[in-house]
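heads up, no residue letters with this:
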Ligand SMILES: *Cc1c(COP(=O)(O)O)cnc(C)c1O
């Protein structure tokens, strides 16, 4: 009988995170340092201390290849890890493709996505350093839920600034965070200077991740008892997510599958994509494997495909360090597409450097096409995906259809990084024909890019 679901035992769960920084030099990739937002000089660890615990700052700059996962973190991981890998037999048949399609499913975590993989260690290291409260932003609500859950596990308070458009579209995400004890406010809010300034200019602002990050950072800087937590973009976040790719390698081996020809993931800030693909990229860099690695992003926030590779702020109010990354400009506000987790102006510095070095590829796609793909997938495989991983589903579908043309039986693996149970309003828009595509607002982006910082 063909095996549908490849499961590992808890004993097979990774005990270390994989740090791709150790292997970037072998690929000829340079990671430019983060710069101080006021001086434009390279950041030192002390500059980050008001925001993050020292353990995370060390991981951010570490060049150690494998970093041990603390026992207390592994204990929480075991609630849902290892996660399953599936073979998409029914979908392959419906697509009439000779390709072999596998998907890693991260929707089995308590919060319903990959985000707890980093929320748990972030809450843990803060608790160990005596921090009592974490502030953060959330777009679609996935990160806020994950951090609320993680803070609850380690007995610390959690304050979430939730992007206005999601706050209104997703009341159940808010209730989930509150159930895990977090307090949640719509961003822009009147609780911070950054929020009040935006509201003074635009009282109907739908918000953005860039604005919500400014609010959460300001909250953390203003209070002694509070640190800030970021759910994507930073090196330590992508590091924590590498449990995903390490498990996939073991699972493909267990299934007797071929080494993958193509990996597909969606990119907002790059964390699920990095966590899924980095252990494979190591094989490309070090062991001569030739897997194609494809990032799929929304046409409404196309940082990797149409942004500029330069130093920019991570937030709208210019409070965060400057990262060299693919950016649409820190004050660019993407259209209110349903993949709220992908509405970000920038991209992980690691992913950006890999893209510049042509070690990964990227494409962008409109949201009606991703819902077409999501429906095709869920009607065969049953799992109902969030709009974000539906970008990866769309990408995998294009690859599978190319195989149908060429007759090649390629092995395609994608990351299904979260379920869509809180995204059914977007499915309703799609099914009632109300979902619209957003053209790339070239003029708005050019305007935003004209405000790039002059450092670097
Ligand atoms: C947050 C989120 C994303 C986007 O963030 P990345 O850091 O790019 O992974 C994508 N999918 C889901 C389900 C998310 O929760």
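It's in. Worth saying up front: this structure is predicted, and the values here are computed from it rather than measured.

Return the backbone torsion pair for residue 132.
Backbone dihedrals for residue 132, given as degrees, to the nearest 10, come out at phi -100, psi -20.

give me the number of residues near the residue lying closest to it once chain neighbours are set aside?
Of all residues beyond its chain neighbours, the one nearest residue 132 is residue 225 (4.5 Å), with distances taken as CB to CB, 6 or more residues apart in numbering. In this view, the C-beta of every residue, glycine as well, is placed from N, C-alpha and C. Applying other CB atoms under 10 Å, we find 11 residues neighbouring residue 225.

Same check on residue 453?
15.

pLDDT value on it, please?
Looking at residue 453, its pLDDT reads 90.

residues touching it, list them.
If you count contacts by CB atoms under 8 Å, 6 or more residues apart in numbering, residue 453 has them with 37, 40, 311, 312, 313, 318, 322.

how much space is there between it and the ligand?
Plainly put, residue 453 is 23 Å away from the ligand if you go by CB to the nearest ligand atom, to the nearest Å.

Also residue 12?
For residue 12 relative to the ligand (CB to the nearest ligand atom), the value is 24 Å.

these two touch, right, that residue and residue 83?
No. Using CB atoms under 8 Å, residue 12 is not in contact with residue 83; the gap is 11.7 Å.

which of those two has more neighbours?
Neighbour count, other CB under 10 Å: between residue 12 and residue 83, residue 83 has more, with 23 against 15.

got a list of what the more buried one touches?
104, 105, 106, 108, 109, 244, 247.

tell me the SS of the first one?
In this case it means residue 104. strand (DSSP: H, G, I helix; E, B strand; the rest coil).

I figured it was touching residue 277, is that so?
No. Assessed by CB under 8 Å, residue 104 is found out of contact with residue 277, at 10.9 Å.

Touching the helix or strand encompassing residue 415 from outside, list them.
Element membership for residue 415 (DSSP states H and E) is strand 411-416. Residues outside strand 411-416 that contact it (CB under 8 Å, 6+ apart) are 99-107, 114, 244, 248, 252, 257-266, 272-273, 276, 383, 385, 389, 392-393, 395-396, 399-400, 403.

any idea how far the spatially most central residue of the chain is from residue 212?
Nearest to the geometric centre of the chain sits residue 271, at 3.7 Å (CA atoms, centre = their mean). Distance, residue 271 to residue 212, using CB to CB, to the nearest Å: 17 Å.

quick check, nearest of the contacts of residue 453 to residue 454?
Closest to residue 454 out of the contacts of residue 453 is residue 40 (8.1 Å), distances taken as CB to CB.

name the element the closest one belongs to?
Per DSSP H and E, there is no helix or strand for residue 40.

Please report how far it lies from the ligand.
Residue 40 is 26 Å from the ligand, by CB to the nearest ligand atom.

Over to residue 164?
Between residue 164 and the ligand the computed distance is 17 Å (CB to the nearest ligand atom).

Got phi/psi on the closest residue to residue 21 other than its chain neighbours?
In space, and not counting its chain neighbours, residue 21 is closest to residue 63: 5.2 Å by CB to CB, 6+ apart. Dihedral pair for residue 63: phi -120, psi 10, per degrees, to the nearest 10.

Next: residue 100.
The phi/psi pair for residue 100 (degrees, to the nearest 10) is phi -100, psi 120.

residue contacts, it?
Residue 100 neighbours (CB under 8 Å, 6+ apart): 87, 92, 257, 258, 409, 410, 411, 412.

Can I get the buried part of those residues as one ChimeraX selection?
Per 16 or more other CB atoms under 10 Å, the buried members of those correspond to this ChimeraX selection:
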select :87,92,257,410,411,412
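
export the contacts of residue 100 to a markdown table and tack on distance to residue 425?
Shown next, in a markdown table, are the contacts of residue 100 (distance: CB to CB, whole Å):
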| residue | distance to residue 425 |
| --- | --- |
| 87 | 31 |
| 92 | 30 |
| 257 | 37 |
| 258 | 39 |
| 409 | 39 |
| 410 | 35 |
| 411 | 35 |
| 412 | 30 |
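
Nearest to residue 7 among the contacts of residue 100?
Nearest to residue 7 out of the contacts of residue 100 is residue 87 (CB to CB; 12.3 Å).

Return the subset of the contacts of strand 411-416 lying in strands.
Cross-referencing the contacts of strand 411-416 against strands under DSSP state E gives 100, 101, 102, 103, 104, 105, 262, 263, 264, 265, 266.

and residue 410, how far is that from residue 261?
According to CB to CB, residue 410 and residue 261 sit 4 Å apart.

Equivalent analysis for residue 187, please.
Taking CB to CB, one finds residue 187 at 41 Å from residue 261.
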